[in-house]
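Chemist: Okay, predicted coordinates and the sequence, questions at the end:
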Amino acid sequence: MKVLIVEDDKTIADGLHYSLTSEGYEVFICENKQMALETIRLQHFDIYLLDLTLPDGSGYEVCEYIKDNQEAPVIFLTACDDEINVVRGLDMGADDYITKPFRIRELTSRMKSAIKHYTKAYASNDVVKVGNIVVNTKQAKVYRGTEEVVLTALEYRLLLTFMNNKGQALTRNQLLEGIWDLDGSFINDNTLSVYIKRLRDKLEDSNQNSKVIETVRGLGYRMGGNHD
């Protein structure tokens, strides 16, 4: 399990890194909002632990970005325990809220509970949404806003690969693996480029500047979440 901790207090961050690593987690630490957003744009984590007060912003902003771009639980770690902060954090989609100081066993227990609950809820969700693109996986139907978009089987499989890794940069090899076993046919690198272009043509509105599928220079492609 990969954990991203966004915490500017080095003593707390180092303590959490040691304790959670000992529990078997793969731990990454960011000390400010900007570093966190850059990291989240490139990687997906199984759970996020966010300090509320950061030197260049707040944990609320990081939480909002996570919820717009990925599917993972968020727990706020904060010294503020007043009701307004608790309610605001939960209203933004945070899955839990724990007040410093806390015992590591209490934290890991809440982490396991959040991951279990989130995994179960997401697995039972038949509708996946990124910006104005909506996929009903039960019916295998795709919509751009309210307009249905007709995709081929391979285009649909490629779209699901992007949406299941929302906000994460995917290499061309990862995308090829995502559609490889659809019908046993060979999909080469050039064919992938063709399918990505077709998907963009069908999903992106020619009147909007933002891209549904973005090219990440030197890495591959990413499907973002702010396209409404």
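Modeler: Cool, got the structure.

Chemist: Let me see the residues that make contact with the strand or helix carrying residue 191.
Modeler: Taking DSSP states H and E as the criterion, residue 191 maps to helix 189-203. Applying CB atoms under 8 Å, 6 or more residues apart in numbering, the set of residues contacting helix 189-203 from outside is 133, 144, 149-151, 154-155, 158-159, 172, 175-176, 179, 187, 211-213, 221. To be clear about C-beta, it is placed using only N, CA and C from the backbone, and glycine gets the same treatment.

Chemist: Please repeat the previous calculation with a cut-off of 10 Å.
Modeler: 130-133, 142, 144, 149-152, 154-159, 162, 172-173, 175-176, 179, 185, 187-188, 211-215, 220-221, 223, 227 (CB atoms under 10 Å, 6 or more residues apart in numbering).

Chemist: Which of these fall within helices?
Modeler: 154, 155, 156, 157, 158, 159, 162, 172, 173, 175, 176, 179 (DSSP state H).

Chemist: Any regions of the protein where pLDDT drops low?
Modeler: Along the chain, the parts satisfying pLDDT under 70 run over 80-83, 119-125, 180-187, 206-210, 225-228.

Chemist: With adjacent residues omitted, what lies nearest to residue 64?
Modeler: residue 92 (5.9 Å; CB to CB, 6 or more residues apart in numbering).

Chemist: gap between that neighbour and residue 145?
Modeler: As judged by CB to CB, to the nearest Å, residue 92 and residue 145 stand 24 Å apart.

Chemist: With residue 53 instead?
Modeler: Taking CB to CB as the criterion, residue 53 is separated from residue 145 by 38 Å.

Chemist: One more: residue 138?
Modeler: Where residue 145 is concerned, residue 138 sits at a distance of 20 Å (CB to CB).

Chemist: Kindly report the same for residue 59.
Modeler: Here residue 59 is placed at a distance of 32 Å from residue 145 (CB to CB).

Chemist: next one: residue 136
Modeler: 14 Å.

Chemist: quick one on the thing from earlier: pick out whichever of residue 92 and residue 145 has more residues nearby.
Modeler: For the pair residue 92 and residue 145, the greater number of neighbours falls to residue 92 (16 against 12), based on other CB atoms under 10 Å.
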